[in-house]
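**Q** 3D model of this:
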Amino acid sequence: MLQAEVGSAKLTSAQSYPTRGHLLPDFTLPSTDSKQISPYDHRGHSNLIAIFAGDLSQAADQTILSELAGHYLEIREQNAQVLLILACSREQARSIHRREKFPFVVVADEDTRVHKLGGALDAQGMPATALYVTDRFLEVFAAWRTALGDGLPNASEVVSWLEYIESQCPECTQAEWPVDDVEQH
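**A** Numbers count the residues shown, from 1 in each chain. The predicted structure follows:
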């Protein structure tokens with residue numbers, strides 16, 4: 001597998017999929033509000049939960065998406081955003097976004113090329129679900145891919161990963177020691 005390093009994270013070759021310690025691949029897709037969205041829009045600003053959704057008729061997909069929507073304020077408190085990548089047309093994605101009232105950004109991957117980059121295609125090349133939790137530099141800290149037999153986490157587990165990521169970034173959180181007033185002599 002061909003890899004290049006960026007800081008402590010590794011870039012993964014196109015023949016592989018992101019795993020812990022690797023960077024989430026870059027892509028740009030149309031959102032349901034007609035903007036072009038990339039994970040790199042969040043780079044340096046917020047942690048990211050990227051969900052490559054397969055078939056939304058699957059109970060596991062519906063459950064995790066509903067839970068993440070319900071925990072969205074908690075997710076935002078951890079300086080994170082959610083990006084939902086649907087394997088459908090922009091019109092279908094817009095309809096799903098409106099119907100489900102997701103509070104997060106939804107993009108359409110009509111040709112499933114981005115699902116392929118994200119390891120979210122099954123052995124038959126059909127969309128499967130993959131969920132990645134990354135830090136603000138898009139380094140993957142946790143990954144679940146149903147095409148590999150992984151079960152999806154619950155929202156509490158995802159939030160726990162975000163809390164862990166935030167605790168690892170000393171520049172991103174409040175200092176642990178109190179700052180005393182400077183005494184004047």
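**Q** For the rest of this, base every contact and every neighbour count on C-alpha atoms.
**A** OK.
**Q** Please, where are all the strands along the chain?
**A** 3-6, 9-12, 29-30, 36-37, 47-53, 80-86, 105-108, 130-134, 140-145 (DSSP state E).
**Q** so which of the ones you listed comes closest to Glu166?
**A** Checking the strands of the chain against Glu166 by Cα to Cα gives strand 47-53 as the closest, at 8.5 Å.
**Q** so what strands line up beside that closest one?
**A** Taking DSSP bridges as the criterion, strand 47-53 forms sheet pairs with strand 80-86 (parallel), strand 130-134 (antiparallel).
**Q** That strand to strand 140-145, inter-axis angle?
**A** Here strand 47-53 runs at an angle of 10 degrees relative to strand 140-145 (axes from the mean of the first three to the mean of the last three Cα atoms, to 10 degrees).
**Q** buried sites along strand 47-53?
**A** Residues of strand 47-53 classed as buried: 47-53 (neighbour count, 16 or more other Cα atoms under 10 Å).
**Q** Then stretch 136-152?
**A** For stretch 136-152, by 16+ other Cα under 10 Å, it's 136-147, 152.
**Q** all helices for the protein, in order.
**A** Assignment of helices within the chain using DSSP state H yields the ranges 59-70, 72-77, 90-100, 113-117, 155-167.
**Q** now the second one: mean pLDDT?
**A** Yep, that's helix 72-77 we're talking about. Helix 72-77 comes out with an average pLDDT of 96.
**Q** how about the strands of the chain in TSV, adding mean pLDDT and distance to Ile64?
**A** Formatted as TSV, the strands of the chain follow (pLDDT from 0 to 100; distance: least, Cα to Cα, whole Å):
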stretch	mean pLDDT	distance to Ile64
strand 3-6	42	31
strand 9-12	48	26
strand 29-30	97	22
strand 36-37	96	22
strand 47-53	96	10
strand 80-86	97	11
strand 105-108	96	15
strand 130-134	97	10
strand 140-145	96	12
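**Q** ok so, going back, pick the most deeply packed of the strands paired with strand 47-53.
**A** strand 130-134 (a mean of 26; mean count of other Cα atoms under 10 Å).
**Q** before we move on, back to that, can you redo the strands paired with strand 47-53 as CSV with distance to His42?
**A** What follows is the strands paired with strand 47-53, written out as CSV (distance: least, Cα to Cα, whole Å):
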stretch, distance to His42
strand 80-86, 8
strand 130-134, 11
